[in-house]
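Student: Provided below for reference: sequence and predicted model.
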Amino acid sequence: MPIYSINEIIANKVDNNLVPHPLPLFRQYLRDGYYPFSKEGAFFSRLDQVVTETLEFDIPQYASMSVSTGRKLKRLMSIVAQSAPFKPDYSSIANALGVSRNVLPDYLLYMEKAGMIGQLRDETGGLRSLGKVEKGFIDNTNIMYVLGTTG
């Protein structure tokens, strides 16, 4: 596809017949189009390394967690990827991971702050809304694909 300057685009000097419609490319974008290194080769392997580094090393170091907790974060991420979007059932997730249900909101918040997941919260104000997560989901679909193929 030819490269156009912003001035050419504004002046409508773009040959629309050469510009592909984005919709047919959307499925590929969902799989591997979010990160800038997706065109550099070995994308899924590199993204898996980024996810692993973030969950097993960066978050535990930031939050003063143990290495084994980092591995549990990776398993939690895999659970989220397989069931997202979902309303968190802290008890069943805690049982699957072998952790206390009281630590899960913290784990999910760290993962959210790291840009790995998103959480939709209830609009209820005050103390009643603390910890009220209505839905949890993976932040972007590229992570879903890498966890689905490797995790």
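Tutor: Right, received. Where do you want to start?
Student: only C-alpha atoms for contact and neighbour calcs from this point on.
Tutor: Noted.
Student: In the protein, what residue spans correspond to strands?
Tutor: Using DSSP state E, the strands assigned to the chain run over residues 117-121, 133-138.
Student: among the ones you listed, which is nearest Ser92?
Tutor: When the strands of the chain are compared by C-alpha to C-alpha, strand 133-138 sits nearest Ser92, at 14.7 Å.
Student: pLDDT weak spots in this structure?
Tutor: 18-19, 84, 124-131, 149-151 (pLDDT under 70).
Student: switch the cut-off to 80
Tutor: For the chain, residues meeting the criterion pLDDT under 80 lie at 1-2, 4, 13-21, 83-84, 86, 88, 122-132, 148-151.
Student: Run the angle between the longest helix belonging to the chain and strand 133-138 for me.
Tutor: Identified as the longest helix of the chain according to DSSP state H is helix 67-83. Interaxial angle, helix 67-83 versus strand 133-138 (axes from the mean of the first three to the mean of the last three C-alpha atoms, to 10 degrees): 100 degrees.
Student: Quickly note the distance from the most centrally placed residue in the chain to Asp122.
Tutor: Nearest residue to the geometric centre of the chain (C-alpha atoms, centre = their mean): Asp139, 3.1 Å. Distance of Asp139 to Asp122, computed by C-alpha to C-alpha, to the nearest Å: 18 Å.
Student: Ok, Leu109 next?
Tutor: Distance from Leu109 to Asp122, by C-alpha to C-alpha: 15 Å.
Student: What is the end-to-end distance of stretch 24-43?
Tutor: 21 Å.
Student: same deal with stretch 4-14?
Tutor: Stretch 4-14: ends 7 Å apart by C-alpha to C-alpha.
Student: Equivalent analysis for stretch 4-13, please.
Tutor: 9 Å.
Student: begin at 16 from here
Tutor: From this message on, residue numbering opens at 16, which makes the last subject stretch 19-28.
Student: residues making contact with it?
Tutor: Val29 (C-alpha atoms under 8 Å, 6 or more residues apart in numbering).
Student: Stretch 91-108 now?
Tutor: With C-alpha under 8 Å, 6+ apart as the criterion, stretch 91-108 contacts 112, 116, 119, 148-153, 158-159, 162-163, 166.
Student: Report the buried residues of that stretch.
Tutor: By 16 or more other C-alpha atoms under 10 Å, the buried positions in stretch 91-108 come out as 91-97, 99-100, 103, 108.
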